[in-house]
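Q: Requesting a structural model of the entry that follows:
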Amino acid sequence: MVVDHCSAECVGLHAARRATRFEALEPIRQGVRQRFGGFEARVASGLSVRHDNGSQYLSDDFQSELVFLGIASSPAFVRAPEGNGCAERFIRTLKENLLWVERFDTVKDLRRALLAFREIYNTTWLIERHGFRPPAAFRAAQLPPAALAA
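A: As a prediction, this is how the structure comes out:
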């Protein structure tokens, strides 16, 4: 799961049977494609990714991919979840509104539900710090008019 800290939009979600370093990269790739229009060397220069200290995120493969994309790695402080508060809040919302209330028979079913939840969250979930606007609406208000026409 990847959440844009500024807008609180979820820009990447993924589910898999095993949580490997390669699976951890999938939400990053989704977010890069969505925000930067492609996937190539240094395409996301200037971006920083906050992550916990899990072995997947600290692995050479994960860190090398961030370097390839031009993304700075920003590990949260150990035992300080507030340092990753934006993502932690999204995870809580996801659990309370989907993961703890529905059962999924397959990973494919879970993926479908996650994608549907992301759409609902991004377009309808009201964020207090954005004047009770949904993440997508807040982001759209931040973009210059030329970017909206593209």
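Q: for the protein, which helix is longest?
A: helix 107-124 (DSSP state H).
Q: Next up, the contacts around the most centrally placed residue in the chain.
A: Centre of the chain computed as the mean C-alpha position; nearest residue by CA atoms, centre = their mean is residue 2, 1.2 Å away. The contact partners of residue 2, taken as CB atoms under 8 Å, 6 or more residues apart in numbering, are 10-13, 27-28, 30-31, 49. (Glycine included, C-beta is placed from N, CA and C.)
Q: quick one: residue 86 and residue 9 touch, right?
A: No - using CB atoms under 8 Å, residue 86 makes no contact with residue 9, being 10.2 Å away.
Q: which neighbours do those two share?
A: Joint contacts of residue 86 and residue 9 (CB under 8 Å, 6+ apart) are residue 3.
Q: Looking only at neighbour counts, state which of these two leads.
A: Per other CB atoms under 10 Å, whichever of residue 86 and residue 9 has more neighbours is residue 9, with 25 against 15.
Q: okay, now the residue nearest to that one when sequence neighbours are not counted: neighbour count?
A: For residue 9, ignoring the flanking residues on the chain, the nearest one in space by CB to CB, 6 or more residues apart in numbering is residue 135 at 3.9 Å. For residue 135, the number of neighbouring residues by other CB under 10 Å comes to 24.
Q: who touches residue 135 in this structure?
A: Residue 135 touches 4, 7-10, 121-122, 125, 127, counting by CB under 8 Å, 6+ apart.
Q: Among the residues you listed, which pair sits farthest apart?
A: 4 and 125 (13.3 Å; CB to CB).
Q: ok, and what's touching whichever helix or strand residue 31 is part of?
A: If you go by DSSP states H and E, residue 31 is part of helix 21-36. Contact partners of helix 21-36, identified using CB under 8 Å, 6+ apart, comprise 1-2, 4, 11-14, 16, 38-39, 43-44, 49, 54-57, 59, 61-62, 65-66, 69, 71.
Q: Mind checking which of those are buried?
A: 1-2, 4, 11-14, 43-44, 49, 56-57, 59, 62, 65-66, 69, 71 (16 or more other CB atoms under 10 Å).
Q: Those in strands, which ones?
A: When DSSP state E is applied, the buried ones among the contacts of helix 21-36 are split such that 2, 11-12, 49 fall in strands.
Q: Please pull out the lowest mean pLDDT helix or strand from the protein.
A: Lowest by mean pLDDT, DSSP states H and E among the helices and strands of the chain is helix 145-149, with a mean of 59.
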